[in-house]
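Engineer: Give me coordinates for this.
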Amino acid sequence: ALALSRLVELFMQQNKPQGALPLLKRLVKYTDDKAKKIDFLHRVAQLSESMGDSRSALEALRQAVELDPRNLPAIAELARYYEQKSDLQSLRIHLDRSAARFRPQLRERPRDIATFQSLLQIFLHRRTADLSTMAAGAITTLGQTVSAELTAQLEKQTPRKEPVAKGLRDAALDEAMYPQRVNPGFRSLFKLLEEPLGKLYGSDSKKLALMGVDRREKLPRAGHPIRELANKLATELGVGEFELYVTAAQDKNEDGKPVPYYTIEPLELPSLILSASLLEGSETERRFFLGGLLKLLQSKLVLPLRLAPDDLGVLVGGLVRQFVPDYCPLGFAEKRIINEAARQKRAIPSRLAPQVLPHAMECASATLDFESISETLVQCSHYAGLLLTGSVPSAVAALRRKGPAAERQIDDLLRYAVTEEFAELQRIAAAAEHT
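Structural biologist: Have a look, this model is predicted:
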């Protein structure tokens, strides 16, 4: 190999690339070291291109990527080739596949800085401003600085498009944000039956006392900076009337330890309830929490957020039972479901039955995990908060105010911030045309 390398250099010094090229191809064949092999392939590509053989150049660059699909120089060289040829479709496919090879590493190591750095470089090649911003934010959040070279590339990119009211109210946003375990049929039932279900399952003011929330902690509808921020977000989202409580009270987790309130209570008017400790940060952090809850309110998912899993299962079971006579969700007593269906039927106008039917049928065929729905909705509210702030550092700083138990939620948010799913959310919210 050493002799071949010297011969290659000799040919190059004599400006005889046609003599060097077959030797480089032999070096590729006889070299075991991956990094050296990739370097030789890149030289093969360079010489082939200089001699007018674009097909051989492309083949060498592809071989380099196949040899080590996570080798960033190999990814970058193939990307540059497609850019030079203005082959944007192949460029996009190549970079999408490259990003997809790195993302699974975040499942086990959601705070792996090297993975975020690799994804940042791929997103910059792809000129995806939204995901580039998220990856850079994750790196900063994890205590590292983005290199001057990458920062310069970031600054050259078209700035991230901010969400607008039209995009934030687009039904496609819900389809992209909520996972299948909160399926469209499930969500549609609560949207369609908001008023009758609210009367059947809503709370009264006594619930506030049980939570330790003082009615005097309700903010005025105007004039208070936190309420004004909430009003602005509600206008963007198209949310109607609501109340906002900022309380000194704390909730309790499964272990009985105090944790801040971050929820919506289905009172006469839906009421956002947040512990004051969550709102002591910057305006961006406040926007994260308020926007996240208001998105759930916009989606009419207050009852699934607040009902105990058992009560939620009975509610959905009763609705489905009205259209599927033998339906009973797994683990529930049939008599209880029958009684609930009868109670609901008295409260729900019969004219709504044709509209309810397809959504009830979808729920009948799905295996709904009622235990996880509330937690899933909280996660989705964090995604909405990130969408509305556009800042990973601020979102993570906000979540840290929830206490040590929020570290798992931070891991989830870091993973999600660099996904194609989140890029789709950002695209829809910016009112970009969607298919």
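Engineer: where exactly do the helices run in the stretch 101-250 of the chain?
Structural biologist: Secondary structure of the stretch 101-250 of the chain by DSSP state H, counting those that start in this stretch: the helices cover 105-108, 113-126, 129-141, 148-156, 165-168, 171-177, 184-192, 194-201, 206-211, 225-237.
Engineer: Burial-wise, tell me which of those helices comes out on top.
Structural biologist: Among these, helix 129-141 has the highest mean neighbour count (mean count of other Cβ atoms under 10 Å), at a mean of 23. In this view, the C-beta of every residue, glycine as well, is placed from N, C-alpha and C.
Engineer: Tabulate the helices of the stretch 101-250 of the chain (a markdown table), appending mean pLDDT and distance to residue 285.
Structural biologist: Putting the helices of the stretch 101-250 of the chain into a markdown table (pLDDT from 0 to 100; distance: least, Cβ to Cβ, whole Å) gives the following:
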| stretch | mean pLDDT | distance to residue 285 |
| --- | --- | --- |
| helix 105-108 | 96 | 23 |
| helix 113-126 | 96 | 21 |
| helix 129-141 | 96 | 13 |
| helix 148-156 | 93 | 23 |
| helix 165-168 | 96 | 19 |
| helix 171-177 | 96 | 21 |
| helix 184-192 | 96 | 28 |
| helix 194-201 | 94 | 30 |
| helix 206-211 | 92 | 23 |
| helix 225-237 | 97 | 11 |
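Engineer: got the buried residues for the longest helix seen in the chain?
Structural biologist: Longest helix of the chain, by residue count under DSSP state H: helix 370-389. Across helix 370-389, burial judged by 16 or more other Cβ atoms under 10 Å covers 370, 373-374, 376-389.
Engineer: ok, back up a step: of all the helices of the stretch 101-250 of the chain, which one is nearest residue 57?
Structural biologist: Nearest to residue 57, of all these, is helix 113-126, at 18.1 Å by Cβ to Cβ.
Engineer: gap between residue 154 and residue 139?
Structural biologist: Counting by Cβ to Cβ, to the nearest Å, the separation of residue 154 from residue 139 is 11 Å.
Engineer: do residue 148 as well
Structural biologist: Counting by Cβ to Cβ, the gap from residue 148 to residue 139 is 13 Å.
Engineer: next one: residue 349
Structural biologist: Plainly put, residue 349 is 54 Å away from residue 139 if you go by Cβ to Cβ.
Engineer: Ok, residue 85 next?
Structural biologist: 31 Å.
Engineer: With residue 276 instead?
Structural biologist: Distance from residue 276 to residue 139, counting by Cβ to Cβ: 32 Å.
Engineer: quick one: contacts for residue 74?
Structural biologist: Residue 74 is in contact with 38, 41-42, 61, 64-65, 67-68, counting by Cβ atoms under 8 Å, 6 or more residues apart in numbering.
Engineer: if we go to 7 Å?
Structural biologist: Residue 74 is in contact with 38, 64-65, 68, counting by Cβ atoms under 7 Å, 6 or more residues apart in numbering.
Engineer: Look up the closest residue to it, ignoring the ones flanking it.
Structural biologist: Nearest non-adjacent residue to residue 74, counting by Cβ to Cβ, 6 or more residues apart in numbering: residue 64, 4.2 Å away.
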